[in-house]
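# What shape does this take:
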Amino acid sequence: MTEQAGKVEQVQAAEAVPAAWLKTELARHPQRPYPMDFIKSIFTDFSEIHGDRAFGDDPAMSCGLARFDGEEVMAIGNLKGRTVKERIHRKFGSPDPEGYRKALRAMKLAEKFGRPVFTFIDLAGAYPGIGAEERGQAEAIARNLLDMSRLRVPIIATITGEGGSGGALALAVADRVLMLENAIYSVISPEGCASIMWRDASKRAQAAEALKLTAEDVKGLGCVDDIVPEPEGGAHADSEAAARQLEEKLKWHFHEIKVLTEEEMLKRRFEKFRNIAQFYTS
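Have a look, this model is predicted:
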């Protein structure tokens, strides 16, 4: 095979891969900035809060008081870890019920003192272990959905990498939901979808395309409010530039929300989520 023919085959192979799967691989890139990387770059004076006051402290979830654009806020994000040992310790960023309860405790504290809430999400789903189920994983997620819907302070959520299933939604009931350009947001992973639909996880690329999980698709469905552009090559190519671009978007949306009255803010939040996934037939 000639060198030119080899290059043609490589181009054809790349073109055959659905764009949705390429975005999925970017969202999962091992060097991609994680939620805490963005929090450290965008916020100052971060002071972490530990424990859910019911069972323990989940190492897969971090919550803390911080400052953003000169204002006191609450910043929340899941933790994935970089090394193998740290990833195992943090369950690859998938929180237990105590992680969600810790996050909700932090949100309630923010509400008590009138501090806006910023959440950052990069997780494939809530932790599916037996212990998590025994300690009420489903109830913890449901409680977050309910209480976030009526929290009387502004909430801005950002999908920075992978936003999967109810585990992600439990941190994303917000006045504004942002999504990085190469992030994904879906009810199930492409591998899980392919295993269910075709009993073949190798069809993950086909499933990714069908799930409509890219930022453009999800925004078109009304599930997110804005897309944050990334540096060329992805957020991992220039994490500082990615953080600055996200910071600009956060400031813009925050300034729009904070001028609303509590009643108007809650009304818009309610209507926003009631209108998602609406469809009509003739």
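
# Could you check how far stretch 67-74 is from the centre of its chain?
20 Å (Cα atoms, centre = their mean, to the nearest Å).

# First-to-last residue distance for it?
8 Å (Cα to Cα, to the nearest Å).

# if we look at that stretch, which residues are touching it?
In this structure, residues lying in contact with stretch 67-74 by Cβ atoms under 8 Å, 6 or more residues apart in numbering are 42-45, 63-66, 75, 106-107, 109-110, 113, 115-118, 250-251, 254. Quick note: C-beta positions are derived from backbone N, CA and C, even for glycine.

# give me the number of residues near Glu262?
Neighbour count of Glu262, defined by other Cβ atoms under 10 Å: 10.

# Leaving out the residues flanking it, which one is nearest to it?
If the residues on either side of it in the chain are set aside, Glu262 comes closest to Arg152, at 5.2 Å by Cβ to Cβ, 6 or more residues apart in numbering.

# Pretty sure the one you found sits against Glu263.
No. Taking contacts as Cβ atoms under 8 Å, Arg152 lies outside contact range of Glu263: 9.5 Å.

# neighbour count winner among those two?
Neighbours per residue, other Cβ under 10 Å: of Arg152 and Glu263, the larger number sits with Arg152, 12 against 9.

# Does the more buried one lie in a helix or a strand, and which?
Secondary structure here is read from DSSP states H and E; on that basis Arg152 sits in neither a helix nor a strand.

# go on, Thr158?
strand 155-164.

# Enumerate the positions of stretch 167-183 that are buried.
Neighbour-count burial for stretch 167-183, counted by 16 or more other Cβ atoms under 10 Å, picks out 167-183.

# same deal with stretch 103-123?
By neighbour count, with 16+ other Cβ under 10 Å as the criterion, the buried positions of stretch 103-123 are 103-107, 110-111, 115-123.

# Going along the chain, name the strands of the stretch 101-250 of the chain.
Under the criterion DSSP state E, counting those that start in this stretch, the stretch 101-250 of the chain carries strands at the ranges 117-123, 155-164, 176-180, 184-186, 226-228.

# The third one pairs with which strands, and in what direction?
Within its sheet, strand 176-180 is paired with strand 155-164 (parallel), strand 226-228 (parallel), according to DSSP bridges.

# How about Asn182: what's its closest non-neighbour residue?
Using Cβ to Cβ, 6+ apart and skipping the chain neighbours, the partner closest in space to Asn182 is Leu26 (4.0 Å).

# Spit out the contact partners of the one you found.
Counted by Cβ under 8 Å, 6+ apart, Leu26 has contacts Arg32, Asn182, Gly234.

# Which one of the strands of the stretch 101-250 of the chain lies nearest to Lys203?
Closest to Lys203 of the strands of the stretch 101-250 of the chain is strand 184-186 (Cβ to Cβ; 15.3 Å).

# quick revisit: need the strands of the stretch 101-250 of the chain in CSV with mean pLDDT and distance to Asp58, can you?
Listed next are these as CSV, based on pLDDT from 0 to 100; distance: least, Cβ to Cβ, whole Å:
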stretch, mean pLDDT, distance to Asp58
strand 117-123, 97, 12
strand 155-164, 95, 17
strand 176-180, 97, 23
strand 184-186, 94, 22
strand 226-228, 96, 27
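
# hey, where'd the helices end up in the stretch 101-250 of the chain?
Along the stretch 101-250 of the chain, the segments classed as helices by DSSP state H, counting those that start in this stretch run 130-134, 137-149, 165-169, 190-197, 204-211, 215-220, 239-257.

# Make CSV from the ones you listed and add mean pLDDT and distance to Lys80 to it.
Output for those, formatted as CSV (pLDDT from 0 to 100; distance: least, Cβ to Cβ, whole Å):
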stretch, mean pLDDT, distance to Lys80
helix 130-134, 94, 17
helix 137-149, 96, 18
helix 165-169, 92, 13
helix 190-197, 92, 18
helix 204-211, 93, 20
helix 215-220, 92, 20
helix 239-257, 96, 15
